[in-house]
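Undergrad: what follows is a predicted protein model with its sequence.
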Amino acid sequence: MMDLISNLSAWHWLILGVVLIGLESLAPIAYLMWFGCAAVLQGILTYVFSMDSMTQIMLYTVLSVSVTVLGRRFVPINIKQSDQKNMNRRQDSMIGKKITLTNAIVDGHTQVKIGDSVWNAKGPEAPIGAHMIVVAVEGVKLVLEPIV
């Protein structure tokens, strides 16, 4: 292992750079890419200028920090926002839905069917057939109010 570190060549840096950039495609977090770019730059510098291994490692450290800081600052990473704001919060998408009770609200609790799902709900006393609207969500329970 010490032989490898003491005999670093431009090819070692170029291979490391390609591997890191390749790993970025498996975990696209735009983090490994910068270290990969720094390794490629280090490989080019090592090819052009003759330098010992310790200098190469120190230069790679400086290049890694510099390329990461500059890359994060000047290269926009577009994380696409979903057009469905409640995609992973299905219960929040129920707010505003109008329903007709199929079960009476007794002691402030009932179950309501919205679409193909049955939800626990709470609200003021109401008979079967009352028209209600979902006004909030508390945990996994829908909060209902009568439509006036």
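TA: It's in.
Undergrad: and the residue in the chain sticking out farthest from the centre, what does it touch?
TA: Farthest-out residue of the chain from its mean C-alpha position, per CA atoms, centre = their mean: P127, at 44.2 Å. Shown in contact with P127 (CB atoms under 8 Å, 6 or more residues apart in numbering): 101, 104. Where C-beta positions appear, they are placed from N, C-alpha and C, glycine not excepted.
Undergrad: now do 6 Å
TA: By CB atoms under 6 Å, 6 or more residues apart in numbering, the contact list for P127 reads A104.
Undergrad: could you chop the protein up by domain?
TA: For the chain, automatic domain parsing gives the domain ranges 8-74, 90-146.
Undergrad: CSV for those, including mean pLDDT?
TA: CSV is the format used below for these (pLDDT from 0 to 100):
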stretch, mean pLDDT
domain 8-74, 89
domain 90-146, 90
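Undergrad: what's in contact with the helix or strand containing S64?
TA: Taking DSSP states H and E as the definition, S64 sits inside helix 53-74. When contacts are defined by CB under 6 Å, 6+ apart, helix 53-74 is touched by residues 5-6, 8, 34-35, 37-38, 41-42, 46.
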